[in-house]
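Enquirer: only geometry, no sequence info:
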């Protein structure tokens, strides 16, 4: 009987903890996610600014230069047209997101997905730089397109390097933001009842 009683007490404590944590932590988790979205929005504004600058300089360089420099600016313009679209879509999605009804678990899971996405993108950025280097290496094999391949290769290396730093910085900031929030949480005894609560250390 004593063994069964202990199991029942543990089960009740877990049920109380789960229910109370979901209720008391909802608003704080939403504030946490609001800050997370602000971080992402700032990042997308940086990406959009980079894209606009590259499009403007790329359009000028495309008309101003010849040879590999012309193709370098051409690819910069094309590449950042995509970057601008990505930044615009992300900003629209973040500003119109309604997370008021999301549970704490869903918010934290979305935060983790965001962090994983930045890491995956950083891996792709390395692949972009590798592709740019490859284009320059094989340029001599194709004399008719040598200047194009060199110009495109230099552009892809530049854009990949920027995105690599960009994605790693955003990953680091978001990871630090999540860990700082989790450090404010602690388990505390419930006053006047059996069980545990998830509370903020303010």
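Expert: Structure received. Note that the coordinates shown come from a computational prediction; the quantities given were computed from them, not determined experimentally.

Enquirer: all helices for the protein, in order.
Expert: Along the chain, counting by DSSP state H, helices occupy 2-24, 26-64, 68-95, 104-138, 146-183.

Enquirer: Turn these into JSON lines, including mean pLDDT and mean neighbour count.
Expert: From N, CA and C alone the C-beta is placed, and that goes for glycine too. As requested, those are exported to JSON lines (pLDDT from 0 to 100; neighbours: other Cβ atoms under 10 Å):
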{"stretch": "helix 2-24", "mean pLDDT": "44", "mean neighbour count": "12"}
{"stretch": "helix 26-64", "mean pLDDT": "93", "mean neighbour count": "16"}
{"stretch": "helix 68-95", "mean pLDDT": "97", "mean neighbour count": "18"}
{"stretch": "helix 104-138", "mean pLDDT": "95", "mean neighbour count": "15"}
{"stretch": "helix 146-183", "mean pLDDT": "95", "mean neighbour count": "18"}
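
Enquirer: quick one, phi/psi of residue 101?
Expert: phi -100, psi 10 (degrees, to the nearest 10).

Enquirer: again but with residue 67, I slipped
Expert: Backbone torsions of residue 67, given as degrees, to the nearest 10, read phi 70, psi -150.

Enquirer: give me the number of residues near it?
Expert: 12 (other Cβ atoms under 10 Å).

Enquirer: Can you tell me the closest non-neighbouring residue to it?
Expert: The shortest distance from residue 67 to any non-neighbouring residue, by Cβ to Cβ, 6 or more residues apart in numbering, is to residue 147 (4.7 Å).

Enquirer: how much space between that neighbour and residue 72?
Expert: Going from residue 147 to residue 72 by Cβ to Cβ, to the nearest Å gives 10 Å.

Enquirer: cool, residue 141 as well?
Expert: Relative to residue 72, and taking Cβ to Cβ, residue 141 is found at 20 Å.

Enquirer: and what of residue 171?
Expert: Distance, residue 171 to residue 72, using Cβ to Cβ: 28 Å.

Enquirer: before we move on, what about residue 41?
Expert: Separation of residue 41 from residue 72 (Cβ to Cβ): 31 Å.

Enquirer: Pull the contacting residues for residue 39.
Expert: By Cβ atoms under 8 Å, 6 or more residues apart in numbering, the residues touching residue 39 are 170, 173, 174, 177.

Enquirer: I'd like those laid out as CSV, including distance to residue 156.
Expert: Output for those, formatted as CSV (distance: Cβ to Cβ, whole Å):
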residue, distance to residue 156
170, 21
173, 26
174, 26
177, 31
